[in-house]
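Peer 1: For reference, the sequence and a predicted model appear below.
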There are 2 protein chains.
Amino acid sequence: MSAVGLRERKKEKTRLALLDAALDLFLEQGYESTTIEQIAGVVEVSPRTFFRYFTGKDHLVLWFHDHGEEVLMEAFAGRPEDEPPFTSLMHGLRAMVEDMQGSTPEDTERFLKLRQLFDKYPHLVGQSVARGALTESRLAEAVAARRGVDPEDDQLTHLIVAFAMSTMRIGFECPRRETTMPEIVTRIAEAVTLAEESLRPGWDTRPA
Amino acid sequence: MSAVGLRERKKEKTRLALLDAALDLFLEQGYESTTIEQIAGVVEVSPRTFFRYFTGKDHLVLWFHDHGEEVLMEAFAGRPEDEPPFTSLMHGLRAMVEDMQGSTPEDTERFLKLRQLFDKYPHLVGQSVARGALTESRLAEAVAARRGVDPEDDQLTHLIVAFAMSTMRIGFECPRRETTMPEIVTRIAEAVTLAEESLRPGWDTRPA
DNA sequence: TGACTTCTGGCACACTGTGACAGAAAGGTG
DNA sequence: CACCTTTCTGTCACAGTGTGCCAGAAGTCA
């Protein structure tokens, strides 16, 4: 008996198969032109089943974001209470990078395909950013708690989170031309430096 | 003969009627639960016609954003070439505020209803932010041109635009509790001050 | 083996969004 | 006014997304 049952292993397998099939089809024939039926067809699964693995077509391109958010939130929660919030968030970004570097070659390949996709279809960036708005409100609660303020009232809390998310986004997205992991990691580090150089020391520790 | 023909006046009338019907229905029975058929029904127009006025359900909620982007881009283009880009963008924000203050009571009411809607259905914020990603890439081109750099290469260009958009977003959204125009205008001004106090002088004029 | 839980496929259904075409309404001309 | 042109509208047909429902298959455990 293995640690996880056959059922779970099978599920994860179909999940990844759907993901890979989708990414390949999207890159081959375009995002819009690819139907759920086609994706399910490749994996030999009914379209109905597809929706049991992914909430919809969007979800396929957001799995990376969702995973990244988890890593980020967890890393933030683990930082010392008295650390300036923006600094903690940048540590969270570093945790995301480390997580990426520690992932399997298959996952790396998926990530790079996803980047190509985002480059080819800019409206997908929009979807990712839209999901980012949810992440922002969750992060805002965490930051507000640490600052000891009401997230509804404190604009600075939201500014801190928004600036941090901007930094992350630019690190990941700009430029999209880069194609290897080390290059991307370097770019993210550059974005962090750029942001830190742009902000006044102590800007994120002012009281409300 | 009036300046604009009957046809155009009629079009604008149905356009606004659809918009108002939609906003009211969204607030009454929820965004998801409202169908195009219902909206078209109130205005006594066929569902097919609805799609000739708006590209889809989302579009109803994004008309404000689209208008704001126009005002912003135009204001930015009108600023002196040698002004620091972030400063120009903040002037653009001011232009948006002035535009809002100069609009008709009907438009103001629509804006306030839209805010309620965003407050009630957070995923609409996501849609708005997604559209914002497009605005960002357009602004990035304008800023890059002024900085004399390639927008693909220069991370700082994107950081400037992203920080500016963050400031705008927070000014408009936080807190959403406010219900009158003057309050909102004050909040936006506060957000601008907050951002300016957070950034190092000259941060946005560094060379690439 | 049998009983139990979970996953799957197939069906029906509501909604969004688009192309095509015929007819109505508005605009301009003699 | 009659006439023609342009533009808008409604109807129909259709592809695709996404969900509830239920019977049956497959994995799980005793």
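Peer 2: Everything's here; your move.
Peer 1: Which positions in chain A make contact with DNA strand D?
Peer 2: Residues of chain A lying close to DNA strand D (CB under 7 Å from any atom of the strand) are A:1, A:5-8, A:10, A:34-37, A:48, A:51, A:55-58. The C-beta positions use only the backbone N, C-alpha and C, and glycine is treated the same way.
Peer 1: Kindly recompute the last result at 10 Å.
Peer 2: Taking CB under 10 Å from any atom of the strand, the part of chain A that reaches DNA strand D is made up of A:1-2, A:4-11, A:31-40, A:46-52, A:54-60.
Peer 1: doesn't A:Ala140 make contact with A:Val161?
Peer 2: Yes - contact criterion CB atoms under 8 Å: A:Val161 and A:Ala140 qualify, at 5.0 Å.
Peer 1: more crowded one of these two?
Peer 2: More neighbours surround A:Val161 than the other of A:Val161 and A:Ala140, with 27 against 20 (other CB atoms under 10 Å in any protein chain shown).
Peer 1: distance of the more buried one from A:Ala144?
Peer 2: Counting by CB to CB, to the nearest Å, the gap between A:Val161 and A:Ala144 amounts to 9 Å.
Peer 1: Next: A:Thr55.
Peer 2: 29 Å.
Peer 1: out of those two, which sits in the busier spot?
Peer 2: A:Ala144 (22 against 10).
Peer 1: now A:Glu74, nearest residue through space, not along the chain?
Peer 2: Closest residue to A:Glu74 apart from its sequence neighbours, by CB to CB, 6 or more residues apart in numbering or on different chains: A:Ala95 at 7.6 Å.
Peer 1: Can you give the contact residues for the helix or strand where the one you found lies?
Peer 2: Take DSSP states H and E as the rule and A:Ala95 turns out to sit in helix A:85-101. Contact with helix A:85-101 is made by A:67-68, A:71-76, A:79, A:83, A:108, A:111, A:139, A:143, A:146-147, A:157, A:160-161, A:163-164, A:167-168, A:171, A:181, A:185, A:188, A:192, A:195-196, A:199, A:203-205, as judged by CB atoms under 8 Å, 6 or more residues apart in numbering or on different chains.
Peer 1: Run a quick neighbour tally on the residue in chain A that DNA strand C sits nearest to.
Peer 2: Residue nearest to DNA strand C within chain A (CB to the nearest atom of the strand): A:Thr49, separated by 3.1 Å. A:Thr49: 12 surrounding residues under other CB under 10 Å.
Peer 1: Pretty sure it sits against A:Ile39.
Peer 2: No - under the criterion of CB under 8 Å, A:Thr49 is not in contact with A:Ile39, lying 10.8 Å apart.
Peer 1: The lengthiest helix in chain A to helix B:122-147, inter-axis angle?
Peer 2: Taking DSSP state H as the criterion, chain A has its longest helix at helix A:122-147. In terms of direction (axes from the mean of the first three to the mean of the last three CA atoms, to 10 degrees), helix A:122-147 departs from helix B:122-147 by 110 degrees.
Peer 1: Tell me the buried residues in helix A:122-147?
Peer 2: A:124-136, A:139-140, A:142-144, A:146-147 (16 or more other CB atoms under 10 Å in any protein chain shown).
Peer 1: okay, now the closest residue in space to A:Glu106 that isn't next to it in sequence: neighbour count?
Peer 2: Using CB to CB, 6+ apart and skipping the chain neighbours, the partner closest in space to A:Glu106 is A:Leu16 (7.7 Å). A total of 15 residues lie near A:Leu16 under the criterion other CB under 10 Å.
Peer 1: For A:Leu16, which three-state class applies?
Peer 2: helix (DSSP: H, G, I helix; E, B strand; the rest coil).
Peer 1: So, low pLDDT: which residues of chain A?
Peer 2: Scanning chain A for pLDDT under 70 picks out A:1-3.
Peer 1: so what's the residue nearest the centre of it up against?
Peer 2: Centroid-nearest residue in chain A: A:His65, 2.3 Å away (criterion: CA atoms, centre = their mean). Counting by CB under 8 Å, 6+ apart, A:His65 touches A:128, A:131-132, A:135.
Peer 1: what's the closest of those residues to DNA strand D?
Peer 2: For those, the nearest to DNA strand D is A:Arg131 (13.7 Å; CB to the nearest atom of the strand).
Peer 1: Now chain A against DNA strand D: closest residue?
Peer 2: Closest point on chain A to DNA strand D, by CB to the nearest atom of the strand, is A:Gly5, at 2.4 Å.
Peer 1: Quick check: A:Val192 vs chain B, distance?
Peer 2: Using CB to the nearest CB, to the nearest Å, we find A:Val192 at a distance of 10 Å from chain B.
Peer 1: ok, for that residue, nearest residue in space, not its chain neighbours?
Peer 2: Leaving aside its sequence neighbours, A:Val192 sits nearest to A:Met90 (CB to CB, 6+ apart; 5.5 Å).
Peer 1: burial of the one you found, as a residue count?
Peer 2: Other residues near A:Met90 number 20, with proximity taken as other CB under 10 Å.
Peer 1: What parts of chain A come near DNA strand C?
Peer 2: A:5, A:7-8, A:10-11, A:13-15, A:32, A:40, A:43-53.
Peer 1: Please repeat the previous calculation with a cut-off of 7 Å.
Peer 2: Residues of chain A lying near DNA strand C (CB under 7 Å from any atom of the strand): A:7, A:10-11, A:14, A:44-46, A:48-49, A:52-53.
Peer 1: buried subset of the residues you listed?
Peer 2: Buried members of the residues of chain A next to DNA strand C, scored by 16+ other CB under 10 Å, are A:14, A:45, A:53.
Peer 1: who in chain A is up against chain B?
Peer 2: For chain A, the residues in contact with chain B (CB under 8 Å from any CB of the partner chain) are A:122-123, A:125-127, A:129-134, A:137, A:152-153, A:155-156, A:158-159, A:162-163, A:165-167, A:169-170, A:173-175, A:177, A:187, A:190-191, A:194-195, A:197-200, A:203-204.
Peer 1: Regarding the residue nearest to the centre of chain A, which helix or strand does it belong to?
Peer 2: helix A:57-78.
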